[in-house]
Structure formats: C-alpha cells, structure tokens
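Undergrad: just coords:
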C-alpha cells in the first residue's frame, strides 16, 4: 500500500496560526518536506518548527533559482520544471515505500503555493489531501484591523509582476485590492497605485503576524525592494462605520 500525500498549509508565519488539523497531520507524518532557497531557511518550516517531533524525518526541497538574473540562454521556467519533476520523483519514491509525506506550504497550498506544482504531478497517482491554511492577504488585513471587503464589493488579487500598464488598468476598476509578489516591483506598484488614485488608503504590510512585522502607509515604504513576505493592501472604502 502506498503512502498518503498531504499538501499542508501552515499559514502566514505565526506558529499559533497553524490549524489543529495541520498540526495533527504534521505530527503524524512519516516525512515532512519543505521548500527553501539555497542557503536560506525555509519560511514554511520556520512556521512549524516548534510543532515538529524530535528526530522527525525531513526532506528539504532546494530551489535551483529564485530571483537571480540568469544568462540569456538559460530558461528560468525550464530549471523550475526540472526541479519540480525531480522533487515529485523523490516524494513519489517515499509514497511508493508506504510512507506518508506532508509537504509544507506557507499560507495556503493552492493560493500561489509551490505545493501545487507537486500536486499536479502526483495527485493522479496517490491518495492525497490538501489542508488549507490562513492566506497571507487575510493576515495582512487582520494586522491592519480594517475590513478588507464589505457589502457588494469585489476583491481583486494582483501580482506585482504584471506590466505597469496592465497593473494600472486593473487597479482603476477595483474596489479593494491585494497586491502580492512585490520584491523588486515595489516602486512600480506604488507608482501604479498613485496613478490610480488609491495611494491614500494603500498600506504596505511586511511579514504579517511574525515578530519582524512592519505595517506602514504605502506612501512611506522604501521602494528599493520588498522581501518575500510582503504585500500591498488597499482595503474597503465603504466598510460600515467609515
């Protein structure tokens, strides 16, 4: 009998925001797998470190690239596809051996989560379950302490990687917005938000729920670069009480 694959959402970073179900599965899993950049601590593992069993077997999945500038002849997408193929093969071998594997994913596994690429390669062949986690955008709204959307408003989730004209076009027609994948795109994002007339109610949230959490108006954020755990939140303009 093969083992079971778990896609385990571990939330935005606060160990207390790991769900009871995720905690139970984490403790019971034969192997805990997690993603990390070369030479860096795994964000997802850090969120659950206090919950791991002593001596629990772990499987690091180390990205070959993250945001590095690559030579023109090297395909970023090709390198990652090969990495996910190899990671899926490693996990598949453990599952074939009858071992249950929990793959950690910060936030939610199927919301911009790396786990989804393993899921797409393995779910058709193995017993599996995805355990949802608290998404970072909801953690961002929580630390702001303001309604994200209300009444009949629509929430728009955007990627900061979008070209400036496309990002601006979507912002202009949005009610409430969360912009993710900031990184080196923060200056462009802030410019687009300002052009769309939304800067006055836009917030920059960094490492929401973690000890190093920072919250400040987007207008005051250093536009040089944003870390991985950062986002822009433009909350409801019509929330009750406003």
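TA: All right, it came through fine. The structure displayed is predicted, hence computed values, not measured ones.

Undergrad: hmm, who's touching the longest helix along the chain?
TA: Ranked by residue count, the top helix of the chain under DSSP state H comes out as helix 76-96. The contact list for helix 76-96 (C-beta atoms under 8 Å, 6 or more residues apart in numbering) reads 2-5, 30-31, 33, 59, 61, 63-65, 70, 101, 103, 117-118, 121-122, 125-126. Heads up, the C-betas are built off the backbone N, CA and C, glycines and all.

Undergrad: Below-threshold pLDDT in the protein: ranges please.
TA: 65-76, 239-242 (pLDDT under 70).

Undergrad: can you do 80?
TA: Applying pLDDT under 80 to the chain flags residues 65-77, 223-225, 239-242.

Undergrad: domains for it, by residue range?
TA: 5-134, 137-234 (automatic domain parsing).

Undergrad: start to end distance for the first one?
TA: Between the start and the finish of domain 5-134 there is a gap of 20 Å, counting by C-alpha to C-alpha, to the nearest Å.

Undergrad: And for the last one?
TA: With C-alpha to C-alpha as the measure, the ends of domain 137-234 fall 11 Å from one another.

Undergrad: How far does it sit from its chain's centre?
TA: Domain 137-234 sits 15 Å away from the centroid of its parent chain (C-alpha atoms, centre = their mean, to the nearest Å).

Undergrad: residue ranges of the strands in the chain, please?
TA: Per DSSP state E, the chain carries strands over the ranges 5-9, 31-36, 57-62, 101-105, 128-131, 155-159, 176-180, 203-206, 214-217, 230-234.

Undergrad: and the end-to-end length of stretch 89-104?
TA: 17 Å.

Undergrad: which of the residues in it are buried?
TA: By neighbour count on 16 or more other C-beta atoms under 10 Å, the buried set for stretch 89-104 is 91-92, 94-95, 99-104.

Undergrad: Kindly report the same for stretch 151-165.
TA: The neighbour-count check on stretch 151-165 (16+ other C-beta under 10 Å) flags 153, 155-156, 158, 160, 162 as buried.

Undergrad: residues in contact with that stretch?
TA: Counting by C-beta under 8 Å, 6+ apart, 137, 148-149, 167, 170-171, 174-183, 185-186, 188-189, 191-192, 232, 236, 238, 240 sit against stretch 151-165.
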